[in-house]
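**Q** Only the shape, not the letters, is given here:
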């Protein structure tokens, strides 16, 4: 269920009513480590505007999140924390397993055998489709952009 701003943990952090270990902050976003990391140095990038979903963000803020995600990723790779790769992750909506309904973007380090991974059934989730179906899907989406 979509959270109201008054019940939002990220809004509490942004407003200084809940603690966070701030890595970066500007007029649009705040960056801090999550309390339940995939691996050490897992960061969250959170817009200061209470926007439940990606579609609720303006384009400038969205682009700024990605710019800062790149900088955070570079810093994690230079850090002392285990990092052989980086995942960027966005859960946008309940079906995508979004738990806090204030847009937030995950940046987390990965290393071989870290025990984390996406679980899926290759026969169910990655079935081949023909070019005609791909063209139809592409046109359907293109017409909505």
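**A** Now that the structure is in, tell me what you want to look at. Everything quoted here is computed from the prediction, not taken from an experiment. Numbers count the residues shown, from 1 in each chain.

**Q** Please name the nearest non-neighbouring residue to residue 66.
**A** Distances taken as C-beta to C-beta, 6 or more residues apart in numbering put residue 105 closest to residue 66, at 8.0 Å, once the chain neighbours are dropped. Backbone N, C-alpha and C define where each C-beta goes, glycine included.

**Q** so the one you found bridges to which residues?
**A** Bridge pairing for residue 105 (DSSP bridges) gives the partners residue 45.

**Q** Same question for residue 109.
**A** Residues in beta-bridge contact with residue 109 (DSSP bridges): residue 86.

**Q** Could you measure from it over to residue 70?
**A** 14 Å (C-beta to C-beta, to the nearest Å).

**Q** the more surrounded of these two?
**A** For residue 109 versus residue 70, neighbours defined as other C-beta atoms under 10 Å are more numerous around residue 109 (23 against 13).

**Q** In this structure the more buried one contacts residue 78, no?
**A** No. The criterion here is C-beta atoms under 8 Å, and residue 109 misses it with residue 78 at 11.2 Å.

**Q** circling back to that earlier point, could you check the pLDDT of the residue nearest to residue 66?
**A** pLDDT for residue 105: 98.

**Q** any weak-confidence spans in the chain?
**A** Across the chain, the ranges flagged by pLDDT under 70 are 1-4.

**Q** helices and strands around the longest helix anywhere in it, which ones?
**A** The longest helix of the chain (DSSP state H) is helix 59-78. If you count contacts as 3 or more C-beta pairs under 8 Å, 6 or more residues apart in numbering; DSSP states H and E, helix 59-78 packs onto strand 24-25, strand 29-33, strand 43-47, strand 85-89, strand 105-110.
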